[in-house]
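Asker: A structural model of the following input is requested.
(one chain, ligands or ions: 1)
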Amino acid sequence: MSYTTPSISDTHTVSVLLVDDDPALSELLAIRLESHGFDVTLASSGHAALRQLANGPVDVVITDLRMEHMDGLALNQKLQAQYPGLPVVMMTAHGSIPDAVDAIEQGITAFITKPINSEELLAAIDKALPEHRATQLTDPDNFHGLYHQSLSMRQLVQQIKAIAPSQANILIQGESGTGKEVTARAIHLASSHSQGPFIAINCGALPAHLLESELFGHKKGAFTGAISDKQGLIQSADKGTLLLDEIGDMPLDLQVKLLRVLQEKTVRPIGGQHEQTVDVRILSASHRNLAQAVSEGKFREDLYYRLNVVAIQLPALRERVEDIPLLANLFIKQLAAGQKRLSLDATTALLRYAWPGNIRQLHNVVEYCVAMTPGKLITADTIISALPEQDDKQGFVGLNDAKRQFERDYLIKVLALCENSVPQAAKLAQRNRSDFYKLMKKHDIK
Ligand SMILES: Nc1ncnc2c1ncn2[C@@H]1O[C@H](COP(=O)(O)OP(=O)(O)OP(=O)(O)O)[C@@H](O)[C@H]1O
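Answerer: Take a look at the predicted model:
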């Protein structure tokens, strides 16, 4: 294998911190690395390396194992604690590689043995960097709790930012677990109603009569069991936002009542004589296709148009694979306070899975893996053991379809690993750019 430049350095100069207490060797390696376009900083000890890092971040640390005062493993421990996910390449004298499992547990990305061969060194850096870039949480885009990185989500967030301040009713559609409620909350927080309450109700979770009373409230004695006046959620959400989740499950007679609220901006409790004025932003969500429910006569067309002044379609997680490592790392950070991380194979296993339960399922899988991993490194085996068994015969496809599917998945994963940089992805896939573009076109990947 012949390396001239690192595979990801096309758009960004890769910075390397080289830690070795042998100045002659350091100088030599620095000259070699600089001739390949790296930006190299030298440190003559572990302590000096930590001081350098405090002055500014680097992309990768290359350190000698044997050093006085603080050896490479001790330095690595400090690095992983202070800069989780920072790739560390360890240089060792021949025969002194510590137990590999132990080393991987300690988060070391690669080992190279002395005497250092340039190609091996470049290959080790190359191996270290994509993992680092694909799994680290650099600066995730966070719009009021809606974390994202993919192009489709960034475009969607732009759309949300534009419409959130208006009073428009918004219908949020997407598969179960794609983040409809998180999105609704983000819209509320970005709106002029953000100082008011945010209330969510699942219209599919209650029988019709209870749902009516929950939404509209009731007067004492309105029906058996109505022992006192009760305020409905529409009124409780006054000056705030009400999310009607699974709106498609709302019975038709309640749909009529809801339409009146939207048209008149008033609500009348069950058994009440008077309409009461309310100022509430209505957001609704559904995992079902409401337009289809309208065409089947299961949902009122007039209500559909009232609710659907603006439509937001959340993509399934498998359609925004770049968000998978980002969200998995976010959940690990939340659940394990940065004490654990994903191996490269584990990230690949996450990227290969189709996530029918979307982000909720990803969260559950990460939670399981964090609990099942005693050390630092979450492995692919643990991820795979957390995923439900797929029924191999159901949905079995022919060889041609399987090849096509593989090719598409492969392109998406390579692009995700390279943060959508086609030149880098083409290099990683060992294809020239125009071939790679042709493949993307063939599979309709933008
Ligand atoms: N962009 C995101 N960033 C961080 N966490 C998210 C994001 N989207 C969803 N989640 C998390 O995923 C889980 C499911 O999200 P949410 O309940 O909003 O999905 P949903 O589409 O409303 O699901 P359902 O259709 O089942 O009601 C929650 O734990 C939520 O915090």
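
Asker: please list the residues of the stretch 151-300 of the chain that sit near the ligand.
Answerer: Residues of the stretch 151-300 of the chain lying near the ligand by CB under 6 Å from any ligand atom: 174, 176, 177, 178, 179, 180, 181, 182, 245, 287. All C-beta atoms are positioned from the backbone trio N, CA, C, and that covers glycine.

Asker: any idea how far the last one lies from residue 126?
Answerer: The reference is to residue 287. Distance, residue 287 to residue 126, using CB to CB, to the nearest Å: 42 Å.

Asker: who's more crowded, the two?
Answerer: Comparing residue 287 with residue 126 by other CB atoms under 10 Å, the one with more neighbours is residue 126, at 21 against 18.

Asker: now tell me which helix or strand of the protein has the poorest mean pLDDT.
Answerer: Within the chain, no helix or strand scores below helix 100-105, which has a mean of 55 by mean pLDDT, DSSP states H and E.

Asker: residues contacting the helix or strand harbouring residue 291, please?
Answerer: Element membership for residue 291 (DSSP states H and E) is helix 290-295. With CB atoms under 8 Å, 6 or more residues apart in numbering as the test, helix 290-295 has contacts from 171, 173, 247, 248, 299, 300, 301, 304, 308.

Asker: so for the helix or strand just after that helix, mean pLDDT?
Answerer: Sequence order places helix 301-307 as the next helix or strand after helix 290-295, per DSSP H and E. For helix 301-307, mean pLDDT rounds to 93.

Asker: again with stretch 280-298
Answerer: Here stretch 280-298 scores 91 as its mean pLDDT.

Asker: equivalent analysis for stretch 185-204, please.
Answerer: Averaged over stretch 185-204, pLDDT sits at 93.

Asker: what about it, distance to the chain center?
Answerer: 22 Å (CA atoms, centre = their mean, to the nearest Å).

Asker: what residues sit buried inside that stretch?
Answerer: Within stretch 185-204, the residues that qualify as buried are 185-191, 193, 196, 198-201, 203, counting by 16 or more other CB atoms under 10 Å.

Asker: so of those residues, which ones are in strands?
Answerer: Counted as lying in strands by DSSP state E, out of the buried residues of stretch 185-204, are 198, 199, 200, 201.

Asker: how about the contacts made by residue 281?
Answerer: The neighbours of residue 281, taking CB under 8 Å, 6+ apart as the test, are 167, 169, 188, 191, 193, 240, 241, 242.

Asker: which phi and psi does the fifth one have?
Answerer: In terms of degrees, to the nearest 10, the main-chain angles of residue 193 are phi -90, psi 10.

Asker: for the remainder of this discussion, apply numbering that starts at 12.
Answerer: Okay, residue one is now 12; in that scheme the one you just asked about reads as residue 204.

Asker: right, and it touches residue 251 too?
Answerer: Yes: using CB atoms under 8 Å, residue 204 makes contact with residue 251 at a distance of 5.2 Å.

Asker: need the residues touching each of these two.
Answerer: Residues within reach of residue 204 and of residue 251 at once, by CB under 8 Å, 6+ apart, are 291, 292.

Asker: so can I have TSV of the contacts of helix 301-306 showing neighbour count and distance to residue 68?
Answerer: Below are the contacts of helix 301-306 laid out as TSV (neighbours: other CB atoms under 10 Å; distance: CB to CB, whole Å):
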residue	neighbour count	distance to residue 68
182	24	42
184	21	40
258	28	46
259	22	48
310	22	52
311	18	56
312	11	55
315	19	50
319	18	45
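
Asker: re the thing from before, from the contacts of residue 292, which is closest to the ligand?
Answerer: Nearest to the ligand among those: residue 199, at 12.7 Å, using CB to the nearest ligand atom.
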